[in-house]
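Engineer: My questions are about this predicted structure, shown below with the sequence.
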Amino acid sequence: MSIPIGSKKLDLPANTYYDAGLSKSCQTHPTNCLPPGLTRTIVKGLLLVVERISLVQAGRVFSGKWALRGIDATLEAGKIYALLGANGAGKSTLLQLLAGWLPLSEGRILLDESPMRPTAVHLRRKVMLLEESTGRPRGVQYTPTRVLCQAIQDYDVQRSGIEDEIADWYDRLDVTSVYDKEARSMSKGQAYKISMIGLFLIAPNVWLLDEPFSAGLDANGLKILETQLRTHAERGGIVLFTSQWPEHARRLADGALVLDEGKLVWIAPPRQSPKPEIAVAAQPSLQAVLQGLGPE
Ligand SMILES: Nc1ncnc2c1ncn2[C@@H]1O[C@H](COP(=O)(O)OP(=O)(O)OP(=O)(O)O)[C@@H](O)[C@H]1O
């Protein structure tokens, strides 16, 4: 693959395996590791529309403690959802389960009718999770463009002109200066922009973003991100983002999900008043979320 960046070109060796994209779970969860090369053997043409992604009594336990339990929720195509909750409520864990990075301890996650699990690579290709500090892998010496190309290979995206699209996104997001730097030498916001480019180019059905508004993006980056989230939903995609600011849910989301200590306590369009029994019993951190979401 050869990427034109300004007047230069970056040539990448074909069929080289790097740890990125789908192989992410191998880094943190060795037991979920896919056999080397499996990401390349996936049947082509599976990028059908996803109508919904559902959690059915989903739960995850860490060292004997439930981080999430009894989660029932359905996210529908064409909608943007915000996932809110105090620190430690289980937001990141929920995203990692939906992305297939982590196995469930109980219950099911269904992409339409198909059960998501770490080894279901054809399903994982329909979903992408961007962590807050993604794209700047510790100890990895590749350039951002190489990491990006690996993600494209992992998701088996094959269309002509993708090199020009990459160059265009580098330009639009004002990161042309970092394209051949070592990934670990990028700033937090630059690294996030590179991951965003991967998301926009690959454009799987389900976009999961963990704290995108705390990822160090500048005003231009934030504007582009919001536009792309809306465009993806308009095209029939599903977006779920976490945030510590209920205002983001009010402004962007069609639906808000609120977690409290691993339980889903509220799911509704923003600007609705939570049931009194939830609000009254809530701890201050949960109360602040519910008040921020409710009518002004
Ligand atoms: N790998 C892990 N091992 C053990 N416990 C974990 C692990 N990951 C998460 N936890 C625990 O699960 C619970 C939920 O964590 P999670 O990161 O999902 O919360 P969060 O809502 O994203 O928090 P924050 O807003 O602070 O990012 C916490 O009690 C956390 O300590």
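Structural biologist: Everything's here; your move. Numbers count the residues shown, from 1 in each chain.
Engineer: just the strands in the stretch 51-200 of the chain please.
Structural biologist: Chain-ordered strands for the stretch 51-200 of the chain, with DSSP state E, counting those that start in this stretch as the definition, fall at 52-62, 65-76, 79-84, 106-111, 114-115, 127-130.
Engineer: Can you mark which positions in the longest one are buried?
Structural biologist: Meaning strand 65-76. Using 16 or more other Cβ atoms under 10 Å as the test for burial, strand 65-76 gives 66-69, 71, 73, 75. All C-beta atoms are positioned from the backbone trio N, CA, C, and that covers glycine.
Engineer: cool, and the first one?
Structural biologist: Of the residues in strand 52-62, those with enough neighbours to count as buried (16+ other Cβ under 10 Å) are 53-56, 58-60.
Engineer: need the residues of the stretch 51-200 of the chain near the ligand, please.
Structural biologist: 62-63, 67, 85, 87-93 (Cβ under 6 Å from any ligand atom).
Engineer: Of those, grab the buried ones for PyMOL.
Structural biologist: PyMOL command restricting those to the buried ones, with burial defined by 16+ other Cβ under 10 Å:
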select buried, resi 67+85+89+90+91+92+93
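Engineer: Which one of the residues of the stretch 51-200 of the chain next to the ligand is nearest to residue 202?
Structural biologist: Nearest to residue 202 among these: residue 92, at 21.2 Å, using Cβ to Cβ.
Engineer: What is the nearest of the buried residues of strand 65-76 to the ligand?
Structural biologist: Lowest distance from the ligand to these (Cβ to the nearest ligand atom) belongs to residue 67, with 3.2 Å.
Engineer: Surely that closest one is in contact with residue 92?
Structural biologist: No: contact between residue 67 and residue 92 fails when scored by Cβ atoms under 8 Å: they sit 9.2 Å apart.
Engineer: about what we covered before: max pairwise distance over the residues of the stretch 51-200 of the chain next to the ligand: which two?
Structural biologist: Spanning the widest gap among those are 63 and 85, at 20.6 Å by Cβ to Cβ.
Engineer: Show me the residues of the stretch 51-200 of the chain next to the ligand that map onto helices.
Structural biologist: 91-93 (DSSP state H).
Engineer: Quick check: the closest residue to residue 218 other than its chain neighbours vs the ligand, distance?
Structural biologist: Leaving aside its sequence neighbours, residue 218 sits nearest to residue 189 (Cβ to Cβ, 6 or more residues apart in numbering; 6.0 Å). Plainly put, residue 189 is 19 Å away from the ligand if you go by Cβ to the nearest ligand atom, to the nearest Å.
Engineer: Look up which residues are beta-bridged to residue 266.
Structural biologist: Using DSSP bridges, the beta-bridge partners of residue 266 come out as residue 258.
Engineer: Quick one, grab the pLDDT at it.
Structural biologist: We note a pLDDT of 90 for residue 266 in this prediction.
Engineer: Equivalent analysis for residue 30, please.
Structural biologist: 28.
Engineer: Likewise for residue 17?
Structural biologist: Taking residue 17 on its own, its pLDDT is 33.
Engineer: Start the count at 55 instead of 1 going forward.
Structural biologist: With 55 as the first residue, the last one maps to residue 71.
Engineer: lowest-pLDDT helix or strand in this structure?
Structural biologist: The helix or strand of the chain with the poorest confidence is helix 78-82; it has a mean of 36 (mean pLDDT, DSSP states H and E).
Engineer: For the ligand, see how far away residue 316 is.
Structural biologist: Distance from residue 316 to the ligand, by Cβ to the nearest ligand atom: 7 Å.
Engineer: number of nearby residues for that residue?
Structural biologist: 21 (other Cβ atoms under 10 Å).
Engineer: Pull the number of nearby residues for the closest residue to residue 271 other than its chain neighbours.
Structural biologist: Spatial nearest neighbour of residue 271, excluding adjacent residues (Cβ to Cβ, 6+ apart): residue 243 at 5.4 Å. Residue neighbour count, defined by other Cβ under 10 Å, stands at 15 for residue 243.
Engineer: now residue 243: how far from residue 276?
Structural biologist: 10 Å (Cβ to Cβ, to the nearest Å).
Engineer: any idea of the mean pLDDT for stretch 338-346?
Structural biologist: 88.
Engineer: And for stretch 257-264, what's in contact with it?
Structural biologist: 101, 103-104, 107, 129, 131, 145-146, 149, 152-153, 165, 179-186, 209, 253, 283, 286, 291-296 (Cβ atoms under 8 Å, 6 or more residues apart in numbering).
Engineer: residues touching the residue nearest to residue 178 when sequence neighbours are not counted, list them.
Structural biologist: Leaving aside its chain neighbours, residue 178 sits nearest to residue 154 (4.3 Å; criterion: Cβ to Cβ, 6+ apart). With contact set as Cβ under 8 Å, 6+ apart, residue 154 has these partners: 79, 170-172, 174, 177-178, 181.
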